[in-house]
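# Structure for this input, please:
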Amino acid sequence: MTEQVPPTRRLFSQAGAIAWLWRMLSRWPLSRLWRIAARLGPQVYRFSKRERQVTEINLEVVYPNATTQERKALAKQSLQHSAATMLELGHAWMAMPEKVETSILSVHGREKLDSARAEGHGVIVLAPHFGNWEVLNFWLSSHFPFTAMYEPPKITNLEPIIRHGRERMGASLVPTNPRGVAALLKALKRSEAIGILPDQEPDWGSGVFAPFYGRDAYTATLLPKLVARTQARVVTGVALRVPGKGFEIHFLDADERVYSADDVESATGVNASVEASIALEPAQYQWEYKRYRKVVEEQQGLTNANDFRLY
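Numbers count the residues shown, from 1 in each chain. Below you'll find the predicted structure:
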């Protein structure tokens, strides 16, 4: 009879293996990680049905005028970049800080953060799933007092490893609950910087439907509440990958509609800001995320709401 491994021991072993892999990869140069990603990307496209299908569905919505072959090529490139991001987690979380700092080849738009703070305003950084957002977190927490919301991973034994990686340069991680929101408000009132994921679908009751590439996407409404109470400035921040070489940090002015007190108008501005960052290089966006999971018809309680779903 095969011995049953207790769930806690199994999770611990899994977490240990993942942590060991991250530590090993953190020692490798980015050029080597990119070569591995170039091999992994096509395999993910071929064998991971879920990632391939969601990516292609999203790209069909976003780029309806592109040919099937153009969208297929973009899907493969996107999955290669997603593979690179996973391989680079050890670099962002565990590599020597000097190594990570050196991999940041340039920073564009830093003055947007400096000037806002000099005028006594906090800065809200919209950080979409583009390029390597963990490298962006590293840079922000290295140069500014920085607070971001944090949701523990499903593999609970990985939490201390991930927390240490994200907090090691001074970032403060707060929970995704009212206590965390209160911490964000306090940080902004101290003229500090905070990070928000603008393209993660919130729970029902915490968002509104707003257009994202012409189709309604359920979008969080936390931003206008923070702006209204703190007069914070809003920018979009990304770490654009320069394959095999490093990263370029870009801070872009957010769409002016993010400052609206109207939730739908503000959410529309948030999505437009994400679109502007994606335009830097569409292949570096994480298209395999189900951004359009919720539909208006579901909110309306229509019995045929499933007919309007993409996934």
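# May I see the buried residues of the helix or strand that contains residue 216?
Assigned by DSSP states H and E, residue 216 falls within strand 215-220. Residues of strand 215-220 classed as buried by neighbour count (16 or more other Cβ atoms under 10 Å): 216, 217, 218, 219, 220. For every residue, glycine as well, the C-beta is placed using N, CA and C.
# now that strand, how far from the centre of its chain.
Its chain's C-alpha centre and that of strand 215-220 lie 16 Å apart, by Cα atoms, centre = their mean, to the nearest Å.
# Can I get it in PDB, CA atoms only?
C-alpha atoms of strand 215-220 as PDB (Å, rounded to 0.1, in the frame of the first residue of the first chain):
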ATOM      1  CA  ARG A 215     -15.700  45.800 -24.000                       C
ATOM      2  CA  ASP A 216     -17.100  46.300 -20.500                       C
ATOM      3  CA  ALA A 217     -14.700  44.900 -17.800                       C
ATOM      4  CA  TYR A 218     -15.500  44.900 -14.100                       C
ATOM      5  CA  THR A 219     -13.100  47.400 -12.600                       C
ATOM      6  CA  ALA A 220     -12.200  48.200  -9.000                       C
END
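# What strands flank that strand, and is each parallel or antiparallel?
Strands adjacent to strand 215-220 in the sheet, as given by DSSP bridges, are strand 207-212 (antiparallel).
# could I have the strand it pairs with exported to CSV, CA atoms only?
Extracted in CSV, the C-alpha atoms of strand 207-212 (Å, rounded to 0.1, in the frame of the first residue of the first chain):
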residue,chain,number,x,y,z
GLY,A,207,-16.2,47.7,-8.7
VAL,A,208,-18.2,48.9,-11.7
PHE,A,209,-18.3,48.0,-15.4
ALA,A,210,-16.1,50.3,-17.6
PRO,A,211,-14.8,49.8,-21.1
PHE,A,212,-11.4,48.1,-21.6
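# what residues does that strand touch?
199, 201, 216-221, 263-264, 267-268, 270-271, 274-275, 291-292, 294, 296, 299 (Cβ atoms under 8 Å, 6 or more residues apart in numbering).
# average pLDDT for stretch 221-229?
Here stretch 221-229 scores 95 as its mean pLDDT.
# So which bits of that stretch are buried?
Here stretch 221-229 shows 221, 222, 223, 224, 225, 226, 227 as buried, counting by 16+ other Cβ under 10 Å.
# likewise stretch 267-284?
267-275, 277-278, 280, 282-284.
# ok, then the element right after the lengthiest strand in the chain?
As assigned by DSSP state E, the longest strand anywhere in the chain is strand 233-242. Note on strand 233-242: by DSSP H and E, the next helix or strand toward the C-terminus is strand 246-253.
# All the strands of the stretch 1-150 of the chain, residue numbers only.
104-108, 123-126, 146-150 (DSSP state E, counting those that start in this stretch).
# pLDDT on the first one, on average?
Pointing back at strand 104-108 there. Here the average pLDDT along strand 104-108 is 98.
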